[in-house]
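J.: Fold the following and give me the result.
(chains A and B)
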Number of protein chains: 2
Amino acid sequence: MTKLLDTIRGPEDLQALTQDELARLAEEIRQVITHSVSRTGGHLASNLGVVELTLAMHRAFDFHRDRLLWDVGHQCYAHKILTGRVAMFEQLRQEGGLSGFPSPDESDCDPFSVGHAGTSIATALGMALGAQHKGTDEKIVALIGDASIVNGLSFEALNNLGLVKRQLLIVLNDNSMAIDVTQGAMAGFLSKVRLSHTYEDMRKITNRMLDHLPLIGRRMEETLENVKKTLRMAITPSRLFESLNIPYFGPVDGHDTTSLIELFKALGELDRPALLHVYTKKGRGYSPADDDPCKYHSTGPFELNGDSETPTQGVRTFTEAFGDGLVELAARDDKIVALTAAMPDGTGLVKFRQRFNERYYDVGIAESVAVDIAAGMARQGFKPVVCIYSTFLQRSFDQIFQEVSLQNLPVIFCIDRAGAVGNDGPTHHGLWDVGYLRMLPNLVIAAPADEWEMRESLNLAAASGNPFAIRYPKEAVPDEPYAAHIPYALGQSAVVRQGESDVVLLALGSPVGQALKAADLLEREGISVTVVNARFAKPLDESLLDWFRAGKTVLTLEDHTIACGFGSALIEAALCKANAEDDEALAAGIGKAILLGAKDEYLPAAARGKQLFWMQITAEQIAQTVKNLKLQPKKVDS
Amino acid sequence: MTKLLDTIRGPEDLQALTQDELARLAEEIRQVITHSVSRTGGHLASNLGVVELTLAMHRAFDFHRDRLLWDVGHQCYAHKILTGRVAMFEQLRQEGGLSGFPSPDESDCDPFSVGHAGTSIATALGMALGAQHKGTDEKIVALIGDASIVNGLSFEALNNLGLVKRQLLIVLNDNSMAIDVTQGAMAGFLSKVRLSHTYEDMRKITNRMLDHLPLIGRRMEETLENVKKTLRMAITPSRLFESLNIPYFGPVDGHDTTSLIELFKALGELDRPALLHVYTKKGRGYSPADDDPCKYHSTGPFELNGDSETPTQGVRTFTEAFGDGLVELAARDDKIVALTAAMPDGTGLVKFRQRFNERYYDVGIAESVAVDIAAGMARQGFKPVVCIYSTFLQRSFDQIFQEVSLQNLPVIFCIDRAGAVGNDGPTHHGLWDVGYLRMLPNLVIAAPADEWEMRESLNLAAASGNPFAIRYPKEAVPDEPYAAHIPYALGQSAVVRQGESDVVLLALGSPVGQALKAADLLEREGISVTVVNARFAKPLDESLLDWFRAGKTVLTLEDHTIACGFGSALIEAALCKANAEDDEALAAGIGKAILLGAKDEYLPAAARGKQLFWMQITAEQIAQTVKNLKLQPKKVDS
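T.: Below is the predicted model of the structure:
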């Protein structure tokens, strides 16, 4: 089934293949990708779209020495398959297996671990400057999609491209999502370029470029001028890129491997930065993905039965709970508007968009401006709900500070994928949001532990008039609320289980579930612990300090780094209070606290449950930690 | 001297003025600005450049109701003078006085507090969407300079401008710095536009626009098309903005108040976003600033003697110590390259640029890409030194995470203006960098307390092979090093004064000086305290935990928020260690710690010394805190 692929030990083995063999190899690679993603989950459509492009790049360049920078990196599967990693491909996104993103740990063909958008041109620019200083002649290639090039970071890099006085090729992978899906002026511009060319035009453009571009770097200046003149006559000049003084070539067919190889070889000889505009088709070659590339952008495991498939997961998630809660809230409150940065599905906004399309904004992969637009709308009296994954919201840190926290505007941040994210791995964890948000004055940080709390926190946020962050993980919500009888009020925690011993499990957000399971396990061994749902990381419930005053051993449990996390906030608050009020009992109790959460290291890709294990916050580990406490015997007779 | 200005109680009083009176008023405003800045410090040249522009905007719009969004906001002095704040102008940037930036607390004419670049179009976009939803017809105007428009946030906003289906005017204030100073393709583009037009052209363009633009909003569609066609024939079409589907008007003379008023009135009637390109001259009307606008961009107080001036301050700063240290390091190590984001003066890079121009990069106001370029260069074997103020480095948080910390690349961050910044106020404090950086694995965070430590930390950073942050305040360095005899080694603190009592003052960075002064004050009262220079916020010196074990009362002192700061890190480390090693002495000692630093609030503009007072870390306050300790009597007999 993958006869040809079995002979490819590395990209160097592509050199001997004929045109026909390359086409067969492309099909074999598609089989491997489709088969694996059906089992492991991952990005399907985008990877199927760049198979020929990847083959052509590897045939034209030597990425052991030349440098290939991927943007976001979710479309690197064919690249992995061709660079000695096909045997590992069945373990894609699994613990101990291959990352779903480029990773220097896996191959010398991956210069950077990536996962966020807009970095490829920026880092390529840095690598090109490095080569320029050293005088080395490796080719540098940045591959970027039409969705990523609109990110502010990409623009800042394009604006600074003039620093580079040597070769640097930007390949703009325009995968036809632009017209229908991607928002913004750049998308409009690209779709205009697209609509103005037939397939026949693309052939002509390719041929003209190949006629004029030198395969060997001689008479460069003159030749480049000729090519540009010819292209300028042939096609709508790409005014945007040329305004920024970036030589533009294209558009060309991204599935024509043979031409692409020649184009890459020729453009690799240029002595200055240039951009090649390539059209590809998302999901090419797999019919359901071909028909509905959106659905197959990133997928959990699905079953492959001919061309039909069924998702294997069906649990209700925090994301869905949020999505439904928001629709209910928006039905009651017409000041609610929602914004996202190119992730309406992932953040659960699809129902909102359907029902309140006129109050829905997708700004593309542009997290920074999403927050500032929200701030502007809040200043106009609206209650904007900004829906961005925890890891990507890092891009908006400065905007959250200046445009939201400093102005004390009622922007609501709904932070999905907070905590460990599972198989996407270290580029995508949401383990720092409590830290970077709790330093900012005026912010409220809530962490609902169940669906009831999700709705309550949304309602509270809408009523509060303050900046309000709600964080929740990529996880199923529990079937029942933990403590719906305890009113949900700003900065108030809830004792969800009263124990007899001196041990208190104090959890923020979804770890409440693990804490309750731990309490059950301990109960069976005769140890009765108290479980408290913190509900808020900020403002902190001052009554939590009473546990210290009472000499309890408090274990803080959070799906966050220990550094700067909820436990850290609690201890800071306790020390400041103890000092301000000269409260010796409080001071004495603090040293008994045990802070549990992520340590100072990157958690690799694995099941989320395994990552919680590494953080020592699974129920079994919590129970064991309690059993290890020396205090235990004393507690039995208290 | 300011006869006309004295009659202006608010912008509404401008309506009655004649053309001549407006010109006289402009001169009076220039006098007030020049006189005040000479006493209080502030931005001179940029404010002198926009006097006519500001007058024209206030005459054409009513900013009690219409909304004016400033970018960065340092050029808002004339606006403040015209909006009822002239009487307060002598207290510009002083405690209890006027902010040097727009501030909603001061006037209903200021919708946002700003200070960082690239926010004006973004927030204007949000405000326009809000108005669109509400159906209100206030005009919305964003004023942005050519230096700010290159920021990625500006681009993200421009790319999303199509969301707005109503009036929104962007005024691009192109102040002629572009050709010589601002870097990048956008600057090149703007300078090309500028060079292609004579002053006479600008007059013609203005007249053509005024002929065609309707003063009342009728036959808009048709008229707009006519204007655009006329302009397109008359001038090089602004391809960049038109590629992004943004109607472009200009360039026009930004000192021709009469024409500007008419243009603003006409463009205010457009029913869609548009951009007006205005040329102004920085420093206009004040001859030294006119000649050397760079020098007068932001200035401390200077003396006004006719046209000459003398800076009143002459102390050696951390910035200068860094600048000289870097030059020395770079002379020895040819892998050192330096990057900044439009602040070579402020970050002390001028000497480096003079001596090693080929290793110096200024990417413009684009902090995010600066970090990614550095990461790319580090991957190529260089040791990039990224010089950005603490507050602006917040823009790079996600890049520091993914491109530097996750890859563990040896990028050196030299973080000036860390801590309280004094008169620039809350938009500019650097009070969170320890927090947002210490969560990131692999990073080292050093805080030199004197010039010797600055050099040692630079040398250590260059030798370390890790990401390495060095933070230091806007302050004078002490005349002598505190403890040059104690070797400077990674993660090691230094006892700079051994005391007899049980009190330890543990300071990070420049507060070491306050701690030593406090120790002197206490000595006079018979209390002998130990003073420790932490030197590093990460990795923490584990031997610091011995102070807890020994039952000492440790006061942590830092020029940072208590939240997530150095003290917080120390307590986290102590708790984790005590728990892991079952160290009861350590656990018992933690509760005695006293964390001092900034609280959860915004510190207003004031002298930096006053802000340290609010943080309770002046020498006198530290001494008083120690004297208040109940532990004191016990210590005397220990």
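J.: Going by neighbour count, which residues in the longest helix along chain A are buried?
T.: Ranked by residue count under DSSP state H, the longest helix found in chain A is helix A:19-40. For helix A:19-40, the neighbour count (16 or more other CB atoms under 10 Å in any protein chain shown) marks A:22-23, A:25-26, A:28-30, A:32-34, A:36-38, A:40 as buried. Any C-beta I mention is one placed from the backbone N, CA and C, and that applies to glycine too.
J.: name the element the closest residue to chain B within the stretch 301-450 of chain A belongs to?
T.: Residue of the stretch 301-450 of chain A nearest chain B, by CB to the nearest CB: A:Gly376 (2.0 Å). Assigned by DSSP states H and E, A:Gly376 belongs to helix A:367-379.
J.: Which neighbouring elements make contact with that helix?
T.: Applying 3 or more CB pairs under 8 Å, 6 or more residues apart in numbering or on different chains; DSSP states H and E, one finds that helix A:367-379 contacts strand A:336-340, strand A:383-389, helix A:397-399, helix B:120-134, helix B:152-159.
J.: Using TSV, please lay out those together with mean pLDDT, distance to B:Gly526 and mean neighbour count.
T.: Shown next, in TSV, are the helices and strands packed on helix A:367-379 (pLDDT from 0 to 100; distance: least, CB to CB, whole Å; neighbours: other CB atoms under 10 Å in any protein chain shown):
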stretch	mean pLDDT	distance to B:Gly526	mean neighbour count
strand A:336-340	98	62	25
strand A:383-389	98	57	27
helix A:397-399	98	47	26
helix B:120-134	98	57	27
helix B:152-159	96	56	30
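J.: In JSON lines: those, plus distance to A:Ser154.
T.: Below are the helices and strands packed on helix A:367-379 laid out as JSON lines (distance: least, CB to CB, whole Å):
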{"stretch": "strand A:336-340", "distance to A:Ser154": "19"}
{"stretch": "strand A:383-389", "distance to A:Ser154": "18"}
{"stretch": "helix A:397-399", "distance to A:Ser154": "18"}
{"stretch": "helix B:120-134", "distance to A:Ser154": "17"}
{"stretch": "helix B:152-159", "distance to A:Ser154": "8"}
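J.: doesn't B:Ala122 make contact with the residue of the stretch 301-450 of chain A closest to chain B?
T.: Yes. Look at A:Gly376 against B:Ala122 with CB atoms under 8 Å: they come within range, at 7.3 Å.
J.: Leaving out the residues flanking it, which one is nearest to the residue of the stretch 151-300 of chain A found nearest chain B?
T.: Residue nearest to chain B within the stretch 151-300 of chain A: A:Gly152 (2.3 Å; CB to the nearest CB). With CB to CB, 6 or more residues apart in numbering or on different chains as the criterion, A:Gly152 has its nearest non-adjacent residue at 2.3 Å, and that residue is B:Gly152.
J.: Is the one you found in contact with A:Asn151, as I believe?
T.: Yes. Assessed by CB under 8 Å, B:Gly152 is found in contact with A:Asn151 at 7.2 Å.
J.: okay, now A:Gly381: neighbour count?
T.: A:Gly381 has 12 neighbours, counted by other CB atoms under 10 Å in any protein chain shown.
J.: that older thread, I'd like to know which of the helices and strands packed on helix A:367-379 lies nearest to A:Ala128.
T.: helix B:152-159 (19.3 Å; CB to CB).
J.: moving C-terminal of that closest one, what's the next helix or strand?
T.: According to DSSP H and E, the helix or strand after helix B:152-159 is strand B:168-174.
J.: Name the strands paired with that following strand and say parallel or antiparallel.
T.: Next to strand B:168-174 in the sheet, as set by DSSP bridges, lie strand B:140-145 (parallel), strand B:273-279 (parallel).
J.: could the ones you listed go into a markdown table alongside mean pLDDT and mean neighbour count?
T.: As requested, the strands paired with strand B:168-174 are exported to a markdown table (pLDDT from 0 to 100; neighbours: other CB atoms under 10 Å in any protein chain shown):
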| stretch | mean pLDDT | mean neighbour count |
| --- | --- | --- |
| strand B:140-145 | 97 | 27 |
| strand B:273-279 | 93 | 24 |
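J.: Pull the residues that contact stretch A:613-633.
T.: With contact meaning CB atoms under 8 Å, 6 or more residues apart in numbering or on different chains, stretch A:613-633 is reached by A:420, A:501-503, A:505, A:511, A:514-515, A:517-518, A:520-522, A:525, A:527, A:529, A:553, A:555, A:557-559, A:592, A:594, A:596-599, A:603, A:606, A:609, A:612, B:582.
J.: hmm, 6 Å instead?
T.: A:503, A:511, A:514, A:517-518, A:521-522, A:553, A:557, A:596-598, A:603, A:612 (CB atoms under 6 Å, 6 or more residues apart in numbering or on different chains).
J.: Out of those residues, which end up buried?
T.: A:503, A:511, A:514, A:517-518, A:521-522, A:553, A:557, A:596-598, A:603, A:612.
J.: A:Asp333: which of these is nearest?
T.: So of the buried ones among the contacts of stretch A:613-633, ranked by how close each gets to A:Asp333 (CB to CB), first place is A:Pro511, at 30.4 Å.
J.: what's the pLDDT at the closest one?
T.: On pLDDT, A:Pro511 comes in at 98.
J.: again with A:Leu195
T.: Value listed for A:Leu195 in the pLDDT field: 73.
J.: how many other residues sit next to it?
T.: Quick note: A:Leu195 (other CB under 10 Å) scores 9 neighbours.
J.: Can you tell me which residues in the stretch 401-550 of chain A are near chain B?
T.: Proximity of the stretch 401-550 of chain A to chain B, by CB under 6 Å from any CB of the partner chain, involves residues A:Gln402, A:Leu406, A:Trp432, A:Gly435, A:Tyr436, A:Arg438, A:Met439, A:Pro441.
J.: Out of those residues, flag the one nearest to A:Arg85.
T.: A:Trp432 (29.8 Å).
J.: I'd assumed B:Met439 was in contact with that closest one.
T.: Yes. Taking CB atoms under 6 Å as the definition, A:Trp432 is a contact partner of B:Met439 at 4.7 Å.
J.: wait, the residue of the stretch 151-300 of chain A closest to chain B sits on B:Ala157?
T.: No. Counting by CB under 6 Å, A:Gly152 does not reach B:Ala157; the two are 8.9 Å apart.
J.: who in the stretch 51-200 of chain A is up against chain B?
T.: A:111, A:113, A:116, A:119, A:122-123, A:125-127, A:129-130, A:150, A:152-153, A:155-157, A:159-160, A:162, A:184-186, A:188-189.
J.: can you do 7 Å?
T.: A:111-116, A:119, A:122-127, A:129-131, A:133-134, A:150, A:152-153, A:155-163, A:183-186, A:188-189 (CB under 7 Å from any CB of the partner chain).
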